[in-house]
Structures are given as structure tokens and as C-alpha cells.
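*Asks:* structure of the sequence below:
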Amino acid sequence: MKLTIETATIDLLDELYKIEKQSFTSEAFSKKEIACLLEDYEAIGLAARANGEIAGFLIGRIVVEKGKVLGHLLTLDVLPSYRRMGIAQKLHGRFEESLSRKALSSVSWR
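*Replies:* Below you'll find the predicted structure:
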């Protein structure tokens, strides 16, 4: 399997929303919420492309809490047919790399 990680952009919104709906039920972000997150200046959006298909994505956000800059992972989704192949791990690793480059102090989970 050829896997690449790219920036998740608003152009991928329909694909990302389909994956979100397959990954979560009542907790799923709406299409509008995903669009807002992707357009947020403080957000980090990553998409995993496996064999040319968007197989998963991650959206995190840079936040400041009590004077401390943090990375907050909002959603990490992988299509059921691509689970258990290390895609979520690769997305999370790339997210942490992005945070390290921005010299952030920690990562929190939703």
C-alpha cells in the first residue's frame, strides 16, 4: 500500500465528512463544523491518501490554556477498510511533528 500524508483542505470536505460519519455516530462533527475547523487559522488538518484514495484524516488545533500553548486533537478518523494498517498512527505522528515544529508544550485529546 502506498501511503502519503498531505494537508487536509476544504477541497476534501465531502470525502472527510463521509469518513467522519463512518467513524462516529452521535459524536460526529457536522460537515459545517469540519469546514470551520479546516478554515481555522489555528487548525492543523492532515489527510492520509492510500493508493490514491483518502483513507483517513486528522484535525487538531493549537490552543492556549492558562498561559500554556497546547495541541488539541479534535478528530482522528480512518475508513473501516483501512483500519489496523497503521494509518492513524502515521497521522498522529505527523501531527506531533507539526506541533514540535511549532514548539508546543503538549498534546491534549478531546
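
*Asks:* what's the top helix by length along the chain packed up against?
*Replies:* Looking across the chain with DSSP state H, the single longest helix is helix 87-101. In terms of contacts (3 or more Cβ pairs under 8 Å, 6 or more residues apart in numbering; DSSP states H and E), helix 87-101 is packed against strand 3-7, strand 43-50, strand 53-65, strand 68-78, strand 106-109. Placement of C-beta: from N, CA and C, glycine included.

*Asks:* mind listing what's buried in it?
*Replies:* Buried residues in helix 87-101, counted by 16 or more other Cβ atoms under 10 Å: I87, A88, K90, L91, H92, R94, F95, S98, L99.

*Asks:* off-centre distance for stretch 72-87?
*Replies:* 9 Å (Cα atoms, centre = their mean, to the nearest Å).

*Asks:* go on, stretch 67-84?
*Replies:* 5 Å.

*Asks:* tell me the least confident of the buried residues of helix 87-101?
*Replies:* Across the buried residues of helix 87-101, the smallest pLDDT goes to L99, namely 76.

*Asks:* who are the contact partners of it?
*Replies:* I44, G60, I62, G71, V107 (Cβ atoms under 8 Å, 6 or more residues apart in numbering).

*Asks:* F29 should be in a strand, yeah?
*Replies:* No: the assignment for F29 (DSSP: H, G, I helix; E, B strand; the rest coil) gives coil, which keeps it out of a strand.

*Asks:* next, it: phi, psi?
*Replies:* Backbone torsions for F29, taken as degrees, to the nearest 10, come to phi -70, psi 150.

*Asks:* what comes up buried for stretch 14-29?
*Replies:* Of the residues in stretch 14-29, E15, L16, Y17, I19, E20, S23, A28, F29 count as buried by neighbour count, 16+ other Cβ under 10 Å.

*Asks:* right, I mislabeled it, should have said stretch 68-88
*Replies:* By neighbour count with 16+ other Cβ under 10 Å, stretch 68-88 contains the buried residues 70-79, 82, 85, 87-88.

*Asks:* which single one of these is nearest to A55?
*Replies:* Nearest to A55 out of the buried residues of stretch 68-88 is Y82 (Cβ to Cβ; 4.0 Å).

*Asks:* L37 sits in which helix or strand?
*Replies:* Per DSSP states H and E: L37 is located in helix 31-39.
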